[in-house]
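Asks: Just to be clear, the model below is a prediction. Sequence and coordinates:
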Amino acid sequence: MSRTLQLAEQLISRPSVTPDDAGCQQILGERLARLGFTLETIESGPADFRVTNLWAVRRPEDAKAATRTLVFAGHTDVVPTGPVEQWTSHPFTPTHRDGKLYGRGACDMKTSVAAFVTSIEDFLQAIPEPQLTLALLLTSDEEGPGVDGTVVVCNALAARGETIDYCIVGEPTAVERCGDMIKNGRRGTMSGKLTVKGVQGHIAYPHLAKNPVHAVAPALAELVAINAAGGWDAASNPYFQPTSWQISNFHAGTGASNVIPGSAVIDFNFRFSTESTPESLQQRVHAVLDAHQVDYTLAWTIGGLPFLTTPGELVEAVQGAIRDETGIETELSTSGGTSDARFIAKICRQVVELGPVNASIHKIDEHIEVAEIETLKNIYLRVLKRLDAALAG
């Protein structure tokens, strides 16, 4: 059994459902401390939802070294198991079947976190005094609200002027084989709650009422047409799908078939590329509603801004490491939802997500191929060596 597999099993056995870290960061911190890392625990959140964050850093002994900082970022929390009786084996008992490791967090993302640590151990054994500054950023609030986790650490680092040059986030990104896809960006997310005002009345007397569904329908049709034409963005972007606008909920009426509703509430969401901004999208929506003389209020919530890391030092190091370890020419992608990378990208110019196959994440019987655990660790190790070699000249 490899050290990475052993550590992954040790972490999986801890029932660290958000926001409970369940001692995972202590296990990891003890190993990192032996490697010369300085550990800082940052707790945040109310007493009934206390989040544990770990910032661990190891700097070169030569204070004058022309160093750059590489951060491995991830989370030790997991989503709830769902009905335990539906699992083939207990979700917090690491179990092997048919060449796979089963357990909650096996894929998302305790194996990645284990591989972070063992790749650093192997790296420092091979290169005891590297040029790179190495760091880990771990949180127990990635699967939860995300307000007391990575964003809190990033704000603290920014406040004291700490810089990050490269960051690898261990989110599950592969489709069929470890290394076949990485994320070099993510779309932003912004939601709107549109309340359309009307006048409730009897269906038989429409002249005494004002139907908010009828009032907003032409505006919605125009917004749908903009969406269908891919017309939200200022320009196309080779790394992103066109910005998408989607209605998620539409509520109106009392439930009776003879009452015109007095209001309609519509929830919608944008997933947007770097070619759009929250301001530009908001202005477009308001312009359409105003042009159709809709009587409305609209509340906006920005869940995260988009980010993009174009091919450069980090992307090329990751691509080369994957190629050398697996023979795969990895695919760059910005698909999927959001991740904590959206917070890190505000203080780090190059961020990439690289992790195991994502097919079983959040599912009953979550698992990972055992053979790919060492592959992932070796990819991380190769990235470390490539970036350090570039610094050493």
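Replies: Yes, it's here.
Asks: element containing Ala389?
Replies: In this structure, Ala389 sits in helix 371-392 according to DSSP states H and E.
Asks: Over to Leu298?
Replies: Leu298 belongs to strand 296-304 when assigned by DSSP H and E.
Asks: Report how many residues lie close to the residue lying closest to Thr375 once chain neighbours are set aside.
Replies: Nearest non-adjacent residue to Thr375, counting by C-beta to C-beta, 6 or more residues apart in numbering: Cys178, 4.8 Å away. Placement of C-beta: from N, CA and C, glycine included. Neighbour count of Cys178, defined by other C-beta atoms under 10 Å: 26.
Asks: cool, and the one 3 residues further on?
Replies: Other residues near Met181 number 24, with proximity taken as other C-beta under 10 Å.
Asks: Report the contact partners of it.
Replies: Met181 makes contact with Thr173, Ala174, Val175, Thr330, Glu331, Leu332, Ser333 under the criterion C-beta atoms under 8 Å, 6 or more residues apart in numbering.
Asks: residue contacts, Phe92?
Replies: Shown in contact with Phe92 (C-beta under 8 Å, 6+ apart): Ile12, Ser13, Arg14, Pro15, Thr81, Gly103, Arg104.
Asks: Mind doing that once more with 7 Å?
Replies: Ile12, Ser13, Pro15, Gly103, Arg104 (C-beta atoms under 7 Å, 6 or more residues apart in numbering).
Asks: And those, which of them are buried?
Replies: Among these, those classed as buried by 16 or more other C-beta atoms under 10 Å are Ile12, Ser13, Gly103, Arg104.
Asks: Output those in TSV; the columns should cover pLDDT, distance to Thr189 and secondary structure.
Replies: Shown next, in TSV, are the buried ones among the contacts of Phe92 (pLDDT from 0 to 100; distance: C-beta to C-beta, whole Å; DSSP: H, G, I helix; E, B strand; the rest coil):
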residue	pLDDT	distance to Thr189	secondary structure
Ile12	98	29	helix
Ser13	98	33	coil
Gly103	98	30	coil
Arg104	98	25	coil
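Asks: on that earlier part again, tabulate the contacts of Phe92 in a markdown table, adding columns for distance to Lys210.
Replies: Shown next, in a markdown table, are the contacts of Phe92 (distance: C-beta to C-beta, whole Å):
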| residue | distance to Lys210 |
| --- | --- |
| Ile12 | 58 |
| Ser13 | 61 |
| Pro15 | 54 |
| Gly103 | 56 |
| Arg104 | 51 |
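Asks: Would you check how far apart Val84 and Asp365 are?
Replies: Per C-beta to C-beta, to the nearest Å, Val84 is found 11 Å from Asp365.
Asks: what's the closest of the contacts of Phe92 to Leu391?
Replies: Ranked by distance to Leu391 (C-beta to C-beta), these are led by Ile12 at 34.7 Å.
Asks: Pull the number of nearby residues for Glu279.
Replies: For Glu279, using other C-beta under 10 Å, the count is 8.
Asks: contacts for the host helix or strand of it?
Replies: For Glu279, the host element (DSSP H and E) is helix 278-291. With C-beta under 7 Å, 6+ apart as the test, helix 278-291 has contacts from Met190, Gly192, Ala219, Glu222, Leu223, Trp232, Phe270, Phe272, Tyr296, Trp300, Ile302.
Asks: buried ones in the host helix or strand of the fourth one?
Replies: Glu222 belongs to helix 212-228 when assigned by DSSP H and E. If you call a residue buried by 16+ other C-beta under 10 Å, then helix 212-228 has these buried ones: Pro212, Val213, Ala215, Val216, Ala219, Leu220, Leu223, Asn227.
Asks: what's the farthest-apart pair in those residues?
Replies: By the measure C-beta to C-beta, Pro212 and Asn227 form the most distant pair in those, at 21.4 Å.
Asks: pLDDT wise, what is Ala65 at?
Replies: Confidence at Ala65, expressed as pLDDT, is 67.
Asks: if I look at the nearest residue to Leu387 once chain neighbours are set aside, how far off is His75?
Replies: Using C-beta to C-beta, 6+ apart and skipping the chain neighbours, the partner closest in space to Leu387 is Ala317 (5.3 Å). Per C-beta to C-beta, Ala317 is found 23 Å from His75.
Asks: Who does Thr301 form a beta bridge with?
Replies: Under DSSP bridges, the beta-bridge partners of Thr301 are Ser191.
Asks: Run through the helices of this protein in chain order.
Replies: Using DSSP state H, the helices assigned to the chain run over residues 3-12, 24-34, 110-126, 150-159, 212-228, 278-291, 313-326, 341-344, 371-392.
Asks: mind checking which of these is nearest Gly262?
Replies: Across the helices of the chain, closest to Gly262 is helix 212-228 (C-beta to C-beta), at 7.3 Å.
Asks: related to what we said a few turns ago, which one of Ala317 and His75 is surrounded by more residues?
Replies: Each of Ala317 and His75 has its neighbours counted (other C-beta under 10 Å); His75 has more, 32 against 24.
Asks: Can you pull out the low-pLDDT segments for the protein?
Replies: 63-66 (pLDDT under 70).
Asks: middle-most residue in it, spatially?
Replies: The C-alpha lying nearest the average C-alpha coordinate of the chain belongs to Ser339 (C-alpha atoms, centre = their mean; 1.0 Å).
Asks: So it is in contact with Thr189, correct?
Replies: No: the pair Ser339 / Thr189 is not scored as a contact, 11.1 Å apart, by C-beta atoms under 7 Å.
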